[in-house]
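# next input, structure requested:
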Amino acid sequence: EPDHTSALTGEAWVIELLLGHPERIRCELGVHPHVFANLMTELRELGHGNSEFVSLEEQLAIFLY
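Below you'll find the predicted structure:
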């Protein structure tokens with residue numbers, strides 16, 4: 001049986017992870033929600049942001065996945 005069953009892709013999938021059960025993001029990305037949020041804050045403070053087509057949240061999720 002498949003592990004990844006979400007019909008969502010891209011940013012919608014990341015939002016689903018962020019708003020869903022805390023263990024789901026840990027299982028999928030290997031970090032707890034507060035760690036993801038802290039990484040986002042640090043990246044933004046360092047001057048990173050959204051690209052033309054990909055949000056910073058999605059970029060971080062791709063990196064962690």
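# in the protein, which helix is the longest?
Ordering each helix of the chain by length in residues (DSSP state H) puts helix 33-45 first.
# quick one: buried residues of that helix?
Within helix 33-45, the residues scored as buried using 16 or more other C-beta atoms under 10 Å are 33, 36, 39, 43. Heads up, the C-betas are built off the backbone N, CA and C, glycines and all.
# so among these, where is pLDDT lowest?
pLDDT is lowest at Pro33 among the buried residues of helix 33-45; the value there is 93.
# what's near enough to touch it?
By C-beta atoms under 8 Å, 6 or more residues apart in numbering, the contact set of Pro33 is 18, 22, 25-26.
# now the longest helix of the chain - C-alpha only, CSV.
Provided in CSV are the C-alpha atoms of helix 33-45 (Å, rounded to 0.1, in the frame of the first residue of the first chain):
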residue,chain,number,x,y,z
PRO,A,33,6.5,21.9,13.1
HIS,A,34,8.3,24.3,15.4
VAL,A,35,11.7,23.4,13.8
PHE,A,36,10.2,24.0,10.3
ALA,A,37,8.9,27.4,11.5
ASN,A,38,12.3,28.3,13.1
LEU,A,39,14.1,27.3,9.9
MET,A,40,11.7,29.5,7.9
THR,A,41,12.4,32.4,10.2
GLU,A,42,16.1,32.0,10.0
LEU,A,43,16.1,31.7,6.1
ARG,A,44,13.9,34.9,5.8
GLU,A,45,16.3,36.7,8.2
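# figure out how far that helix is from the centre of its chain.
Helix 33-45 has its C-alpha centroid displaced from the chain centroid by 10 Å (C-alpha atoms, centre = their mean, to the nearest Å).
# lovely, talk soon.
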